[in-house]
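J.: Compute the structure for the input listed below.
(chains A and B)
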Protein chains: 2
Amino acid sequence: MSEKHLQAGDVLPPYNGKLRLFAMRFCPYAERSVLVLNAKNIEYDLVFINLDHKPEWIFNFSPKGTVPALEYEEGKAIFDSNIINVYLDEKYPEKPLQASDPLRRAQDKIIVENFSGAQAAFYTAAFNSQALQPNMVENFHKGLEGLQKELESRGTKFLSGDDAGLVDYTLWPFLERFLSLPLLGKSEFAIDPTKYALLSTYIEAMKNVPAVKSYCLAPETHAKFTESRAKGDPDYNMLDTSAVCCMRPRKKKE
Amino acid sequence: MSEKHLQAGDVLPPYNGKLRLFAMRFCPYAERSVLVLNAKNIEYDLVFINLDHKPEWIFNFSPKGTVPALEYEEGKAIFDSNIINVYLDEKYPEKPLQASDPLRRAQDKIIVENFSGAQAAFYTAAFNSQALQPNMVENFHKGLEGLQKELESRGTKFLSGDDAGLVDYTLWPFLERFLSLPLLGKSEFAIDPTKYALLSTYIEAMKNVPAVKSYCLAPETHAKFTESRAKGDPDYNMLDTSAVCCMRPRKKKE
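T.: Numbers count the residues shown, from 1 in each chain, chains lettered A, B, ... in the order given. Got it, this is the predicted structure:
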């Protein structure tokens, strides 16, 4: 694992035969794949890159230089969090994270689709200094209400059932970041525990899922990164990233 | 099948127990699902709707009123062409349209992803009266070149092999419409048969796939619809839609 975010001019660490995920520590899309790799106990290396000064070699793995990208064989990669995660779940079928019923799989994808309005609202709220459009706040809460309704109608601890599954790991990175919005002065985006009782219980349960626990960051940490990014100078290396992924074998820092 | 595009005020035709696809005759996304239903010989009804004056009931099937939406059980539907098509392929596994290898399935999705720049360029070229940005033409041809390269490296008649598969049916509706651009005065978007020899052979082969042949429209027809839409008054009912889908049992027009 890279100890800091590699950037233009930095060399690509040598390939060691393991799966390798290119990511950025604060990227919610990359986190989706980290969670799936963790949940399935797949051994992998993590390479963090600086998205403002991308190392030249990232384009060999991901044509637009986006993360996550997964190097599945030396020099060969696939990209896009959803494509990577379905691939991982099907290539390593031991602990399946997708529902076995085709209709349920389709419905899980629709939950993610219906949540995209809340995600878009989050980005606007977090990174846009302009006054918020009222419909942004509305879209955000529509997304949360839809999710809570879904949890209610499914009646299970996680959307996937007794255990977290792909749909849970796909939504989680955004929920994790939503919790930082009140710290950034966006109180309209607070997740009120009375209105969102069931959703709040779900959020607490997700925080305790081992795959999440080992990578999840505190709202304060997300807020701090967001502030640095909103100022135009994202502080990619603000964390000691050698310590955050406790699930995988890693070199101890001296 | 609806004989014309149903609109606000029109009643929902009674459900008859068959799968029902809500579509618009000229929509490339809806066409993706029509092709998959045809290719898998699944019996279904087709309901065309007017996207400018949407019938109220479409929102019961598709939250944003987009097409395609698939009613799989009375009053219950899923939406999004990719979600619908994977569902159909997995629910009706007899003639699988997806590759059996997880990596190949991921790579097929990446082909579609990489083609999205050409799709975006098409929409700008077809419906935008402003002067084209040079990078639009470039993105369009980058998409075509990428696709031709992929056909070359796979060395098969279709991307999926000897028979057309999900990836072919996903891209085709756009290729079909690209052929209308020169008729709209956009000669920069012509698919030159010398530069694109292999791609042109592929396009001809796709036109002859039964699932495509029964629904495909001529470039002239697409151009005519596009012109009406660009003028702000889309001529949804310009075709006798009772005759276009020869694959499925249908009522003959008197």
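J.: What count of nearby residues applies to A:Asn135?
T.: A count of neighbours around A:Asn135, defined by other CB atoms under 10 Å in any protein chain shown, yields 11. To be clear about C-beta, it is placed using only N, CA and C from the backbone, and glycine gets the same treatment.
J.: is it fair to say it lies in a helix?
T.: Yes: according to DSSP: H, G, I helix; E, B strand; the rest coil, A:Asn135 belongs to a helix.
J.: what separates it from chain B, distance-wise?
T.: Distance, A:Asn135 to chain B, using CB to the nearest CB, to the nearest Å: 14 Å.
J.: Next: A:Ala121.
T.: Using CB to the nearest CB, we find A:Ala121 at a distance of 16 Å from chain B.
J.: Check A:Thr226 too.
T.: For A:Thr226, the distance to chain B (CB to the nearest CB) stands at 28 Å.
J.: secondary structure element for that residue?
T.: Assigned by DSSP states H and E, A:Thr226 falls within helix A:219-230.
J.: Contacts for that helix next, please.
T.: Outside helix A:219-230, the residues within contact range by CB atoms under 8 Å, 6 or more residues apart in numbering or on different chains are A:26, A:126-127, A:129, A:176-177, A:179-180, A:182-184, A:234-235, A:238-239.
J.: what residues does chain A put near chain B?
T.: With CB under 8 Å from any CB of the partner chain as the criterion, chain A meets chain B at residues A:63, A:72, A:78-80, A:83-84, A:86-87, A:90-91, A:102-103, A:105-107, A:109-110, A:113-114.
J.: Please flag which of the residues you listed sit within helices.
T.: Counted as lying in helices by DSSP state H, out of the residues of chain A next to chain B, are A:83-84, A:86-87, A:90-91, A:102-103, A:105-107, A:109-110, A:113-114.
J.: Now, of these, which are buried?
T.: With burial judged by 16 or more other CB atoms under 10 Å in any protein chain shown, the buried subset of these is A:83-84, A:86-87, A:90-91, A:102, A:105-107, A:109-110, A:113-114.
J.: What's the end-to-end length of stretch A:14-29?
T.: End-to-end span of stretch A:14-29 (CA to CA, to the nearest Å): 25 Å.
J.: Would you agree A:Asn60 is in contact with A:Glu74?
T.: No: if you go by CB atoms under 8 Å, A:Asn60 and A:Glu74 don't touch, sitting 11.0 Å apart.
J.: one step back: out of the ones in helices among the residues of chain A next to chain B, give me the two with the largest separation.
T.: Comparing all pairs in these by CB to CB, the longest separation belongs to A:Lys91 and A:Asn114, at 27.8 Å.
J.: how about low-confidence regions in chain A?
T.: Along chain A, segments meeting pLDDT under 70 span A:1-3, A:129-130, A:241-254.
J.: what secondary structure does A:Arg20 sit in?
T.: When classified by three-state DSSP, A:Arg20 comes out as strand.
J.: Okay, and the beta partners of the residue nearest to it when sequence neighbours are not counted?
T.: Nearest residue to A:Arg20, sequence neighbours excluded (CB to CB, 6 or more residues apart in numbering or on different chains): A:Glu71, at 4.1 Å. For A:Glu71, the beta-bridge partners under DSSP bridges are A:Arg20, A:Ala77.
J.: returning to that earlier point: residues of the helix holding A:Thr226 that come out buried?
T.: By neighbour count with 16+ other CB under 10 Å, helix A:219-230 contains the buried residues A:Pro219, A:His222, A:Ala223, A:Lys224, A:Phe225, A:Thr226, A:Arg229.
J.: which residues does A:Gly9 contact?
T.: Contacts for A:Gly9 (CB under 8 Å, 6+ apart) come out as A:Pro55.
J.: hmm, back to that, so what's the gap between the helix holding A:Thr226 and the chain middle?
T.: Taking the mean of its C-alpha atoms, helix A:219-230 sits 15 Å from the chain's own mean (CA atoms, centre = their mean, to the nearest Å).
J.: Restricting to C-alpha, output that helix in CSV.
T.: This file holds the C-alpha atoms of helix A:219-230, laid out as CSV (Å, rounded to 0.1, in the frame of the first residue of the first chain):
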residue,chain,number,x,y,z
PRO,A,219,-17.4,13.0,10.1
GLU,A,220,-14.8,15.4,11.4
THR,A,221,-12.1,13.9,9.2
HIS,A,222,-14.4,14.1,6.1
ALA,A,223,-15.3,17.7,7.0
LYS,A,224,-11.6,18.6,7.2
PHE,A,225,-10.8,17.1,3.8
THR,A,226,-13.8,18.7,2.2
GLU,A,227,-12.8,22.1,3.5
SER,A,228,-9.3,21.7,2.0
ARG,A,229,-10.8,20.6,-1.3
ALA,A,230,-13.4,23.4,-1.3
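J.: what about the helices in chain A?
T.: Using DSSP H, the helices of chain A run over A:28-39, A:81-91, A:102-127, A:134-154, A:166-178, A:197-207, A:210-213, A:219-230.
J.: which stretch among these comes nearest B:Glu31?
T.: When the helices of chain A are compared by CB to CB, helix A:102-127 sits nearest B:Glu31, at 19.2 Å.
J.: ok, the closest residue to A:Leu184 other than its chain neighbours to chain B distance?
T.: The shortest distance from A:Leu184 to any residue other than its chain neighbours is 5.4 Å, reached at A:Ala223 (CB to CB, 6+ apart). For A:Ala223, the distance to chain B equals 32 Å [CB to the nearest CB].
J.: Same check on A:Leu37?
T.: In terms of CB to the nearest CB, A:Leu37 sits 15 Å off from chain B.
J.: Does that residue touch A:Asp45 like I think?
T.: No: between A:Leu37 and A:Asp45 there is no contact under CB under 8 Å: 10.2 Å.
J.: any shared contact partners between these two?
T.: Counting by CB under 8 Å, 6+ apart, the contacts common to A:Leu37 and A:Asp45 are A:Leu19, A:Leu21.
J.: Since that was my last question, I'll sign off now.
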